[in-house]
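[1] Please find the sequence and the predicted model below.
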Amino acid sequence: MILSVTAKWLIGYDASASSEELWKYYDIRGLIAFPLNIPGTAFYRCVQGRKNLMKVLKQFIDGRKNAKPRERKDFLDLVIDELRKEKPVLSEKVAFNLLFSLLFASFETTSSAITVILKFLTDNPKALQELTEEHEQILKKRTDPNSEITWEEYRSMKFTSCVIHESLRLANIAPVLFRKAKQDVHINGYTIPEGWIVMICPAAVHLNPTTYKDPIVFNPWRWKDISEPIGGSNDFFAFGWGSRFCVGADFAKLQMTIFLHYLTTKYRAMPRLPFFATTSATKIAFLKYYSRLKYYAYR
Ligand code: HEM
């Protein structure tokens with residue numbers, strides 16, 4: 001779902017009309033795997049997926065190049081316009097890599113974030129209730145109950161924003177970030193020599209008890225007293241910070257908020273049916289941990 005939405009806006013991919021399921025080509029398990037490129041390994045599947053997706057992207061680019069210029073442009077049109085120039089700033093190869101990475105960056109991250117948000121809400125009925133009330137209030141204020149979310153409504157979803165930030169703080173979707181030392185850096189009696197790559201671990205900051213009381217507890221209310229970390233901060237960098245700050249941060253937050261709006265206004269979380277409780281002990285334990293609640297469409 002997430003990839004279909006993003007791919008629609010970036011490259012005009014229509015999931016309902018296409019036989020290609022783009023998300024299947026991204027095999028995340030091979031991303032951090034031993035680089036053994038032989039059939040059967042996670043790394044091999046990841047590399048093959050990339051090759052296949054590149055073929056699909058080539059078809060997209062070729063199709064668009066041969067089509068009439070369009071009035072409403074998407075990201076792919078801008079890339080093609082650039083490629084058509086006499087001296088383009090990027091080659092076709094770079095354009096493919098850019099599209100591949102952008103789709104990847106937009107898909108794995110937001111879908112993982114939504115998954116963990118659901119998990120945290122399922123385990124915290126009080127937070128789910130407050131979230132539901134926030135969105136129900138928005139519906140009540142609407143003159144047309146079928147109208148879509150407005151920008152003002154989006155900006156008023158304060159508790160939703162708290163839930164998103166708290167989930168990202170705890171889940172650390174990007175487990176590590178990298179930076180290169182441009183000069184010798186002296187810190188706490190140590191020297192990071194110029195040119196070294198530094199691996200930053202967001203969890204070390206996000207779970208710091210001096211900044212966040214009871215750091216491993218899911219507590220979206222703590223964000224009510226913290227100003228929104230727009231552009232990242234020293235205490236919160238789920239989207240990175242500085243010049244490499246995530247370009248899709250605002251888009252991702254919007255996407256997650258819209259998802260939560262429809263989840264809380266169109267669905268209700270209810271305990272699973274009792275017959276599950278009569279199945280094997282492992283299944284009960286699994287359900288207890290991962291799916292105490294199920295979401296049912298009610299509107
Ligand atoms: C919950 C969702 C997301 C999370 C947690 C996330 C997180 C991150 C992080 C941690 C970085 C590295 C920043 C740094 O090194 O300082 C990053 C970079 C990036 N993200 Fe995201 N991201 C998300 C969604 C998206 C979306 C939806 C898009 C595109 C539509 C996107 C596109 C990118 C790109 C292109 C970069 C590289 C920026 C650069 O190097 O200049 N991300 N993201």
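    Received, thanks.
[2] Just give the number of residues close to residue 61.
    Neighbours of residue 61 under the rule other CB atoms under 10 Å: 19. Heads up, the C-betas are built off the backbone N, CA and C, glycines and all.
[3] just residue 95 next, same as before
    With other CB under 10 Å as criterion, residue 95 counts 18.
[4] Just say helix, strand or coil for it.
    helix (DSSP: H, G, I helix; E, B strand; the rest coil).
[5] what's the pLDDT at the closest residue to it other than its chain neighbours?
    In this structure, residue 95 finds its nearest non-sequential neighbour in residue 79, 5.0 Å apart by CB to CB, 6 or more residues apart in numbering. Residue 79 carries a pLDDT score of 87 in this model.
[6] In three-state terms, label the residue most central in space within the chain for me.
    Nearest to the mean C-alpha position of the chain, counting by CA atoms, centre = their mean, stands residue 110 at 1.5 Å. Following three-state DSSP, we place residue 110 in the helix state.
[7] Do I have it right that residue 3 meets residue 110?
    No: look at residue 3 against residue 110 with CB atoms under 8 Å: they stay out of range, at 9.1 Å.
[8] Quick check: end-to-end length of stretch 4-17?
    11 Å (CA to CA, to the nearest Å).
[9] Pull out the buried positions in that stretch.
    For stretch 4-17, a neighbour-count test (16 or more other CB atoms under 10 Å) marks 4-7, 10-13 as buried.
[10] Among those, name the ones in helices.
    4-7, 10-11 (DSSP state H).
[11] Could you list the contact residues of this structure toward the ligand?
    6, 102, 105-106, 109-110, 113, 168, 173-174, 177, 238-242, 244-248, 251-252 (CB under 6 Å from any ligand atom).
[12] Give me the neighbour count for the closest residue to residue 120 other than its chain neighbours.
    In this structure, residue 120 finds its nearest non-sequential neighbour in residue 218, 4.8 Å apart by CB to CB, 6+ apart. When neighbours are defined as other CB under 10 Å, residue 218 has 19 of them.
[13] Model confidence at residue 218, what's the number?
    97.
[14] coming back round to it: I figured the residue nearest to residue 95 was touching residue 98, is that so?
    Yes: contact criterion CB under 8 Å: residue 79 and residue 98 qualify, at 7.1 Å.
[15] neighbour count winner among these two?
    residue 79 (23 against 14).
[16] quick one: low-confidence ranges for this protein?
    Applying pLDDT under 70 to the chain flags residues 19, 271-293.
[17] At which residues are the strands of it located?
    Along the chain, the segments classed as strands by DSSP state E run 177-180, 185-187, 190-192, 197-200, 267-271, 293-297.
[18] With mean neighbour count and distance to residue 39 added, can I get these in a markdown table?
    A markdown table is the format used below for the strands of the chain (neighbours: other CB atoms under 10 Å; distance: least, CB to CB, whole Å):
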| stretch | mean neighbour count | distance to residue 39 |
| --- | --- | --- |
| strand 177-180 | 12 | 30 |
| strand 185-187 | 10 | 44 |
| strand 190-192 | 11 | 40 |
| strand 197-200 | 11 | 31 |
| strand 267-271 | 14 | 42 |
| strand 293-297 | 13 | 39 |
